[in-house]
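Participant: curious how this folds, go ahead:
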Amino acid sequence: MTPWMRPPYFEIRELALSGRIRIRWGDWMGRTPAPVPSGVALADKVEGMMLGLAIGDALGNTTESINPAVRRERFGWVEDYLPNRHAGGRRVGLPSDDTQLAFRTLEHLIEGKGHYLDPQALGNRLAHGRIFGIGQATRQWLARFTQGGHWMTSGTPSAGNGALMRIAPVLIPHLASPNCDLWVDTLMAAHLTHDDELSNVSCLALVDALWRAIATEGTVAQGWWLERWLEVCDALGTGVCYQARNGRPKDFDGTISQLLREHVSRALERRLPVDDAGELWHSGAYLLETVPTVLYILERFGNDPREAILQAVNQTRDNDTIAAIVGAAVGALHGASALPSPWIEGLSGRLGAKDDHRVFHLLERAGQTFGYGSTPAVRARASLYRKAAEAGAGPTDIPPDLLRGELWVKVVGFLQQNWAVVRSSGAGEQVRVWFVDDRFDVFDFIDYGAAASSRKALRINGFEPYRAKTHGWLNSPIPAGVGVGRTRQLDWAPRRIYSSGQYWVQPDDL
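Facilitator: This is a model prediction of the structure:
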């Protein structure tokens, strides 16, 4: 991976103008988003956006891809988390791919510490770890990318909603200092998995809408969501036509702008129920269905966050993703403080199988990294994550001559590396792999029965043996000594980044 050494605006512009990234590049891509007013409670708004996404996903994913009428017959009107077989039948909010990939995107941005989004590194982060309920287009991207694909050429030519569902956090690093690089970051993140014009344009339109929602206080007028979305589509679309799926709308073959004007506007005039409107254009994972459904719900119910999310959960087919996008939108507009507290309290906060409260930990870190802070509710849940992590790792001594071991390196973000040192543990063939960050502080370790096993695991997880000729370009020099702070303490507690299994894949035969 070669990190961006300067803002990629001009490189991405050339790729778009040459047709390699599908979009019409024009003046719109050079505009700077309006600064968020100083009086806006940014922590509440950003947390609302991200928690609204996670809540919508969790409320919907237990009844996903069911006809709304059949869902109501089987489950009634869903207003809270349903019993979940992945939580022993408890009524708790668990994530699917919508939440996982959105928060993996956020984590990549946190690791970049405000630098420009690195699409290759973002792909590595999205690809790392099990994805629950992964969509077909994302699965196809994953197969190509994990076989060594480049971010520019690995995306699936699909107008599915897999990029749109995870795009929201891309705007967060730009809130403090808005500029047109926001649109470049959005475009790179979208194109990474979905090589399609409708996906690219939809992601840009949603990020624009979320930015304006964060900057807006109070309710919005009729047409607020739809009219601006149309403005973005008109500016960035090339006129590529998309055919309706399942004949809905009947004989439709046109642009997303045409569908919105011809069908969504008329449905709004008639004030159709959401499920009836969905019968006109379907409400599945195809963006020609997802986008009109999301906008219809926001236009009808966007000033009532609870009702908007419930309409998405109960009245649509691809209800987890539609509810996640609607949840992000109403959360950005109204803030986390406007979301029902039982939904937030009932959200597990997981991103994996056993990492409860992790999303709150990431939200707290984002507030620290990007300077807008966090709310007391998020900090309280984040502390539970830290306590659980600390409880799982006992103290251990760090060898004073640690760096005499076998040195490995992995690029984890924009100009960031993790180092691994393989050392004999003094018990037969057993070894311990110590992990050191780019400040040269030890943060974790994993034990293996033999050095060969540790090397296999390191390679599978993206580490390479350090070689000066190969890795001379790295931002961090070879660690010359163990850093100060926790590494000099005999009672340090590891940060279980790798040993927890959250970011570490064990070979099946170890």
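
Participant: how about the helices in the stretch 251-400 of the chain?
Facilitator: 256-259, 265-270, 274-281, 287-301, 305-315, 319-334, 341-345, 358-370, 376-391 (DSSP state H, counting those that start in this stretch).

Participant: and Ile134, how many neighbours?
Facilitator: 17 (other C-beta atoms under 10 Å). To be clear about C-beta, it is placed using only N, CA and C from the backbone, and glycine gets the same treatment.

Participant: my read: it touches Leu126, true?
Facilitator: No - judged on C-beta atoms under 8 Å, Ile134 makes no contact with Leu126 at a distance of 10.4 Å.

Participant: return the most buried member of the helices of the stretch 251-400 of the chain.
Facilitator: Stretch with highest mean neighbour count among the helices of the stretch 251-400 of the chain: helix 319-334 (a mean of 31; mean count of other C-beta atoms under 10 Å).

Participant: for the helices of the stretch 251-400 of the chain, give me JSON lines that also has distance to Arg228.
Facilitator: Shown next, in JSON lines, are those (distance: least, C-beta to C-beta, whole Å):
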{"stretch": "helix 256-259", "distance to Arg228": "12"}
{"stretch": "helix 265-270", "distance to Arg228": "14"}
{"stretch": "helix 274-281", "distance to Arg228": "20"}
{"stretch": "helix 287-301", "distance to Arg228": "10"}
{"stretch": "helix 305-315", "distance to Arg228": "17"}
{"stretch": "helix 319-334", "distance to Arg228": "12"}
{"stretch": "helix 341-345", "distance to Arg228": "27"}
{"stretch": "helix 358-370", "distance to Arg228": "25"}
{"stretch": "helix 376-391", "distance to Arg228": "29"}
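
Participant: where exactly do the helices run in the stretch 1-150 of the chain?
Facilitator: 9-17, 42-60, 68-75, 97-112, 119-127, 136-145.

Participant: ditto for the stretch 401-510 of the chain
Facilitator: Counting by DSSP H, counting those that start in this stretch, the helices of the stretch 401-510 of the chain are 451-460, 468-471.

Participant: using TSV, lay out the helices of the stretch 251-400 of the chain together with mean pLDDT.
Facilitator: Output for the helices of the stretch 251-400 of the chain, formatted as TSV (pLDDT from 0 to 100):
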stretch	mean pLDDT
helix 256-259	98
helix 265-270	97
helix 274-281	96
helix 287-301	98
helix 305-315	98
helix 319-334	98
helix 341-345	97
helix 358-370	96
helix 376-391	89
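
Participant: put the alpha carbons of stretch 32-43 into PDB.
Facilitator: Taking C-alpha atoms only, stretch 32-43 is exported to PDB below (Å, rounded to 0.1, in the frame of the first residue of the first chain):
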ATOM      1  CA  THR A  32     -16.800  23.700   0.400                       C
ATOM      2  CA  PRO A  33     -19.500  22.600   2.800                       C
ATOM      3  CA  ALA A  34     -20.900  25.400   5.000                       C
ATOM      4  CA  PRO A  35     -19.300  25.400   8.500                       C
ATOM      5  CA  VAL A  36     -21.400  24.000  11.200                       C
ATOM      6  CA  PRO A  37     -22.600  26.800  13.500                       C
ATOM      7  CA  SER A  38     -20.700  27.200  16.700                       C
ATOM      8  CA  GLY A  39     -23.800  26.700  18.800                       C
ATOM      9  CA  VAL A  40     -24.500  23.200  17.500                       C
ATOM     10  CA  ALA A  41     -24.000  20.400  20.100                       C
ATOM     11  CA  LEU A  42     -21.700  18.400  17.800                       C
ATOM     12  CA  ALA A  43     -21.200  15.400  20.200                       C
END
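
Participant: can you list contacts of it?
Facilitator: Residues outside stretch 32-43 that contact it (C-beta atoms under 8 Å, 6 or more residues apart in numbering) are 174-175, 178-180, 182, 208, 211-212, 214-215, 217, 335, 367, 372-375, 378.

Participant: tell me where the model's unsure across this structure.
Facilitator: Judged by pLDDT under 70, the chain has its weakly predicted residues at 1-7, 114-115, 390-397, 400-401, 413-415, 426-428, 439-440, 468-494, 508-510.

Participant: any idea what Glu406 is bridged to?
Facilitator: Val422 (DSSP bridges).

Participant: one more: the one 10 residues further on?
Facilitator: In this structure, Gln416 bridges to Gly413 when assessed by DSSP bridges.

Participant: tell me how far it lies from Lys113.
Facilitator: 8 Å (C-beta to C-beta, to the nearest Å).

Participant: fine by me, thanks again.
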